[in-house]
Structure formats: structure tokens, C-alpha cells
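Quick one: sequence and predicted model below, then my questions.
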Amino acid sequence: MRVQVTKRQEPLGWGSCFIFLGALAFSLAVSAALLGLQGKPPATGIRLLFAGAFGSPWALEDCLLKAVPIFLCALGVAVAFRLQIWNLGAEGQFALGAIGASWVALSFPTLPGRYLLPLMFLAAALAGGLWGLIPAVLKLGLRVNEIIVTLMLNYIGILILEYKVYGAWKDPGSFGFPMTPEFPAAAIVGSIGATRLNWGLLVCLAAGAAIALFLDHTRLGYELKASGENIRAARYARLPYERLVLLVMALSGALAGWAGCLEASGSLHRLQPTIMVGYGYTAIVVAWLARLHPLKIAIAALLLAGLRVGVENLQLDLQVPAAFGQIMEGLILLTVLAGNFFKDYRLRWREAG
Amino acid sequence: MTAEIVIALLAAAVQSGTPILYATLGEIFSERSGVLNLGVEGIMLIGALAGFITAKATGAPLYGFLAGGVCGALLAAVHGLVCLVFQGNQVVSGLALTILGTGLSSFWGTPFIGQRTVGFAKLPLPLLSEIPLLGDIFFRHDPLIYLSYLLAPLMWAFLRYTRWGLGLRAVGEHPEAAAAAGLRVLAYRWAGVLGGGVLMGFGGAYLSLAYTHLWTNGLSAGRGWIAVALVIFTFWRPGRAILGAYLFGGVMAFQLRLQAMGTTLPSSLLLMLPYGLTIAVLVFSSWRGRGSEAPAALGINIEPRE
């Protein structure tokens, strides 16, 4: 018997759903085996993971809370990936957004909320967007590889955040802990009813709808997708490639910046280093799992937010290190990536001739 | 007095540049075969942990170093599987590999945080270490550093003068032509990925076995990404990797020295130096080389033949 690989003539329809589920199952199995190797009960572990993520209203609230920043970052990252711009810098743009928002909150504490909050969002979008423009300008001007620059700007962005909270912005009453004073009440995004969720959820919905409309129903969005599929042809057709690169990177950075703003304002009510938990990297996984499609990004963001919440449960009940979540993220992405092979190719078993 | 400080700093630059040198050579090897591996950071961490645990268990640092290389190759094999067999995007796969490797190293490494292991001791080379200046800077180190001195020229000679080296480069430049000439293209790419993985794993193992002798999660602190950037800076040439690695080693050593001397500069600003320098180095290389030196088929998968 020999395996013969042939290219599929038509794309795989619903089969791709099974590929995704299969990849998920495979990742779960490997993760369970890892738990087993550490002497933890694998089946209980996986059950705890799911129960912790989706098993109670409290858990679901937690998922939604974490899904908000992941979704915003992933949305931005996906727009850049559509143009084949490798923006791996959501983490740093998130940090800059949080810094920008905090600067406004701490500098103008007496402004009423109807001015303060919009100003914070504006500052976050500007700071994140400018941070995203640095690699774009370097790429267009000098053809510098954006992969490395965006990654390095992550490290630098996080260090700037630490520099501020260990230094000038440190709360004198924090007993030496690196954190800013609590934001004034006007700088805090309100919560929805009696839940722990805040109106940032609405920002998400609006941003997601706007990006979906932009990609599918505007000329620029169409040009963006066309350029991403074939850069050379796009140049030939005189599509404004340079402007598109600047646009997607600024947009990407602004969205990640908003995520940072919402985390500082809505969840922590101040700026502190623990705000950096790797949402920017999870966002890359999410964007890719969702194949860069806004609606699917929302689903994938919820799924990976659930993974984070579930792992917290595992940490508490089985003392599994938090890194378990990272392992699963990596595994899921790798297996989905490998599984996509079967979307484009068909295997045939043949008698050896 | 000042001369002594400068010599000590240069010697420290060589030492802290060595893990970056191993990793850069590994990435050059992989990229020359046409496979971009952004998993270096994760592979280094796994190599560091494997080296640490093995050395601790066996009491032999050499076994630790070898284990680092083997485990580095194992993780790199995952990248090979996804990209060479299943046609996955090399950028995304590499990134996922870094996430996976970072996760695994923290998952298995958490119980060892703060613990020490046996490591490599300094071994001044007879005669060579007596040379004024150069002896102090280059020849009063641990054996792994001497090994790295040999590796760069060896790789250069391998790529330039051997049949296999030429084959590896051909596969990275023009896989179709290489295949038409009868080369087993995929086998060469596998060799590039696995050989590169061994060297990246060595770089990680150097960190835990010779540089720190103790374990902390996230030990590599971005050195893997610096290595990826250095490959561009070196224009894919092993010889220049030495220069680039020691440049970064120098900056890292300088920043540590400043902190130890009790400078008033905040540590977060000092810690930015290597990352800022990475961007500067990339800007410099783009300005000089225009990126045209990259292997032509870098990052492009070879589709299975029907």
C-alpha cells in the first residue's frame, strides 16, 4: 500500500469543521497525557477545565471578561494578517494603550466621565496606533522585517509600562507595590447591571461589526483583501499598498490599545504590571484559528478565554502550573495548522505498483 | 584599573554572547535550507530545561548539554512535521512552537525554580590563555565557549565546500532546480530543521549549565528572537554571527555591570537596550543589504508531488 497525495479540486466545506474539532480533541488528549505524566488524574483534569470555563454563570462571566481584550487584539491582528503584514505586536500595543489611558486618567482626574472616558479611549488608540506605525514605517521605508520589530516593541512596551509604575506613577500609599493610584470614578468603565461585565463588551461588538463591514462592504476593505492575496498583482493594479500598510498597522494598534484601556479602566481600575498576561499573544492564536474572519474570531476568543479561565480552576484544584494553558494554546494552533492540510489535499491509498 | 574593567567586560561579552551565537548558527542552518523557524525562543527554553534537569539528575554537565541538543531537535521536529509534511505556514507554526516551548518549559520547570545544578567550570586553555589581552578575553572560559569558536568556521566550511552543504543551500534557494538535479529536497530540509534545532537547544543548555547554573522560568528572555534578527544582520553567514552575537553579549554584560555598580538609571530602561539594539541592527542591515541576501525559497513550502 502506498499513500498518494492529490490536490483537492474543490475546497472542503463542512469537513473543515471536523478538522477543527479533531485538532481540538487531539490537543486535549496530548494535554491530558501531560497531566498524567505529572501524576495528576487526566480525566478529572479535563473535566475541571471545562467545568471551570463554562460550568457556571460566574465562570461564563469570567470568560466574557477575558474574551473582550483577546477579541479586540485578535481583530486588529487579523486585519493586518489579511494584508500579509505579520503584526505580532499586539502585546506591546496593548501595553501602550493602557499607558495612554492611564496617563489621561491620572492627569485629568477632575474631568467628568463624559469627557474623561472618551479622552482615555482616544489616548489609548493614539498610543497603540503610533506604536503599531513604527514597524509599518520601518517596513515601508527601509524594508525592515516587521516580525522582529513588532516582537521587540512588545518587550520595550512592557518595560515602558514597568518604568512608569515603578517610577513616576507609583502610588505613594501602595506599600512599595508597583501600581498607580486607583483611577477616579469617572475614569472607570461602568458595569452592566449587576454583573461583573462592563460596557467594554459593547465596544467589542461595535468594533467587530465595523471591521466586518469595512472588510466586506467598502472599497478600501476590498482593496485590502485583494492586496493581501497577491501583493505583486495589487501593485500592478496600482492599489495603494503603502497606505494600506499604514492603515492596518494603525488600526491594529488602536484596537489593541483599546483592549489595554478597557483592562486598566474596567477590570483593574489602575495600571500595574499584572495587566500584561499575554492577551496579545493569545490574540495571534485566535486570529489564526478563526482564519481571520471577524465572527469566527469572536467564537475563538471565547474559546481561548474559556481555556484561560479553566486553567485557573486547574491551578486551584490540582496545583497545575498556569503554563498549562500556554501549552494547550500552542498545541491547538499547531494541530489546526497541520490539520488544514486535509482541506487542500486528499489522501488516496493505492496498491504499490 | 580601567583596562581591567574593559577586559572583564569583553570577557563577559563573549560569555553572554555565546548562547546567542549557538542559536544564531542554528537559525542560519535552518534558514539556509529554506525553513524559517520562529520557534527558537521556545526551543532554547526547552534546551535549557532539559540540560538543567539532566545535569542535575546525572551530575554530568556534558550529558545535560547533549540532552539540550536532543530535546531542541525534538521540538524542532514538530515544526518540521507541521511545515514539511503538513504544509503549514512557517511563520505561524514557528510562533506556535515558541508558545508551546515556553509553556512546556514553565510547566515542567516550575518545581525547579531557584534550584542550582552542576555546570561547566572555567577551563583556561594552556598557552593561549597566557596571551596578553586576547588570552583574558577569549581563552579563560568554559569548554562550551571553545566549542562555539570552532562551530562557526566549521559551518562556514560545510556550507561552502562540502557536497551536502551545497545541497542544503540549493534546496533553500531553488528547491525545484535542486529536485530536478536529483537532490532529495525534503531530506535536506529535515536536516536543516533538525540540525538547527540541535544548535538552538545547545544555546539554551548553555544558559542553564554555564551562564546561570540555576533555573528560572523564561530563562532565555528574548535571546531566541534576537537570534532570528541576527540571522538577517549576518546576511545568513556563520562567520558574521560571531560578531553579532558578541555585540549583543556586550550590551547585556554592560547593562548587568551598570546595575551591579548601582547606577541611578532605572533597570527597566537598561533592560530595553538589547531589544532596542535589535531594531537598530535590523534597520542597519536593511539599509546595507536591502534584504536581498535571504535564501530565495525561505519560508516557502515544497508542495507534495502528485
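Sure, I can see it.

quick one, helices of chain B?
Remark: helices assigned in chain B by DSSP state H are B:2-32, B:40-58, B:61-80, B:90-109, B:134-138, B:143-161, B:163-173, B:175-180, B:185-206, B:223-233, B:238-260, B:267-289.

Which of the ones you listed sits closest to residue A:179?
Residue A:179 lies closest, by C-beta to C-beta, to one member of the helices of chain B: helix B:267-289, at 14.7 Å. Where C-beta positions appear, they are placed from N, C-alpha and C, glycine not excepted.

how about the closest one: buried residues?
Across helix B:267-289, burial judged by 16 or more other C-beta atoms under 10 Å in any protein chain shown covers B:268-279, B:281-282, B:285-286.

and those near chain A, which?
Filtering those for proximity to chain A by C-beta under 8 Å from any C-beta of the partner chain leaves B:268, B:269, B:271, B:272, B:275, B:276, B:278, B:279, B:282, B:286.

show me what contacts the last one?
Spelled out, it's residue B:286. By C-beta atoms under 8 Å, 6 or more residues apart in numbering or on different chains, residue B:286 lies in contact with A:138, A:142, A:143, A:144, A:145, B:232.

Next, the fifth one: phi, psi?
It stands for residue A:145. Per-residue torsions, residue A:145: phi -60, psi 120 (degrees, to the nearest 10).

is stretch A:27-39 anywhere near chain B?
Yes: judged by C-beta under 8 Å from any C-beta, stretch A:27-39 and chain B are in contact via residue A:34.

what distance separates that stretch from the centre of its chain?
26 Å (C-alpha atoms, centre = their mean, to the nearest Å).

Next: stretch A:44-63.
21 Å.

Any residue of it touching chain B?
No: judged by C-beta under 8 Å from any C-beta, stretch A:44-63 stays clear of chain B, getting no closer than 12.7 Å.

Buried residues, that stretch. List them.
Of all the residues in stretch A:44-63, those buried under the rule 16+ other C-beta under 10 Å are A:45, A:46, A:48, A:49, A:52, A:53, A:54, A:55, A:59, A:60, A:62, A:63.

same check, this time on stretch A:239-258
Neighbour-count burial for stretch A:239-258, with 16+ other C-beta under 10 Å as criterion, is recorded at A:239, A:241, A:244-258.

From these, which land in helices?
Residues of those located in helices (DSSP H): A:241, A:244-258.

Next up, the contacts around residue 255.
Using chain A. Contact analysis of residue A:255 by C-beta under 8 Å, 6+ apart lists A:72, A:73, A:75, A:76, A:79, A:128, A:207.

other chain: chain B
Contact partners of residue B:255, counting by C-beta under 8 Å, 6+ apart, are B:270, B:271, B:273, B:274.

Swap in 10 Å and give it another go.
By C-beta atoms under 10 Å, 6 or more residues apart in numbering or on different chains, the contact set of residue B:255 is B:16, B:263, B:265, B:267, B:269, B:270, B:271, B:272, B:273, B:274.

where does it land on pLDDT?
Note on residue B:255: pLDDT of 89.

Among the contacts of residue B:286, name the buried ones.
If you count burial by 16+ other C-beta under 10 Å, the buried members of those come out as A:138, A:144, A:145, B:232.

List the residues that contact the one residue in the stretch 101-250 of chain B that gets nearest to chain A.
Nearest to chain A in the stretch 101-250 of chain B, going by C-beta to the nearest C-beta, is residue B:103, at a distance of 3.1 Å. By C-beta under 10 Å, 6+ apart, the residues touching residue B:103 are A:34, A:321-331, B:42, B:45.

if you set the cut-off to 8 Å instead, what comes out?
Residue B:103 neighbours (C-beta under 8 Å, 6+ apart): A:323, A:324, A:325, A:326, A:327, A:328, A:329, A:330.

for residue B:9, same thing?
Contact analysis of residue B:9 by C-beta under 8 Å, 6+ apart lists B:250, B:253, B:254, B:257.

Among the residues you listed, which one sits closest to chain A?
Using C-beta to the nearest C-beta, residue B:254 comes nearest to chain A of these, at 16.8 Å.

Tell me who's in contact with that closest one.
By C-beta under 8 Å, 6+ apart, the contact set of residue B:254 is B:9, B:13, B:273.

Stretch B:260-267: which residues count as buried?
Of the residues in stretch B:260-267, none is buried by neighbour count under the rule 16+ other C-beta under 10 Å.

likewise stretch A:263-283?
A:263-273, A:275-276, A:278-283.

what do you get for stretch A:210-223?
Burial within stretch A:210-223, assessed by neighbour count using 16+ other C-beta under 10 Å, is assigned to A:211, A:212, A:214, A:215, A:221, A:223.

Among those residues, name the ones in helices.
Using DSSP H, the members of these that fall within helices are A:211, A:212, A:214, A:215, A:221, A:223.

List the contacts of the first one.
For residue A:211, the contacting residues are A:75, A:79, A:294, by C-beta under 8 Å, 6+ apart.

ok, 10 Å please
Each residue near residue A:211 by C-beta under 10 Å, 6+ apart is listed here: A:75, A:76, A:78, A:79, A:82, A:221, A:251, A:255, A:294, A:297.

ditto for the third one
Residue A:214 makes contacts with A:79, A:220, A:221, A:222, A:224, A:251, A:294, as judged by C-beta under 10 Å, 6+ apart.

Closest to chain B out of the residues you listed?
Closest approach to chain B among these (C-beta to the nearest C-beta): residue A:79, at 16.3 Å.

how much space between the closest one and residue A:228?
The gap separating residue A:79 from residue A:228 is 10 Å, by C-beta to C-beta, to the nearest Å.

likewise residue B:22?
On the measure of C-beta to C-beta, residue B:22 and residue A:228 end up 36 Å apart.

Who has more neighbours out of these two?
Neighbour tally, residue B:22 and residue A:228, criterion other C-beta atoms under 10 Å in any protein chain shown: the higher count belongs to residue B:22, 34 against 19.

Run a quick neighbour tally on the closest residue to that one other than its chain neighbours.
Once flanking residues are discounted, residue B:22 sits nearest to residue B:203: 3.3 Å by C-beta to C-beta, 6 or more residues apart in numbering or on different chains. Residue B:203: 34 surrounding residues under other C-beta under 10 Å.

pretty sure residue B:203 contacts residue B:72?
Yes: using C-beta atoms under 10 Å, residue B:203 is in contact with residue B:72, at 8.1 Å.

Common neighbours of the two, please.
B:22, B:23, B:26, B:40, B:43, B:44, B:47, B:48.

For residue A:194, which three-state class applies?
In terms of secondary structure, residue A:194 is coil; the call rests on DSSP: H, G, I helix; E, B strand; the rest coil.

Report how many residues lie close to residue 13.
No chain was given, so I picked chain A. Neighbour count for residue A:13, taken as other C-beta under 10 Å: 8.

my bad, chain B
For residue B:13, the neighbour count with other C-beta under 10 Å is 21.

Many thanks, have a good one.
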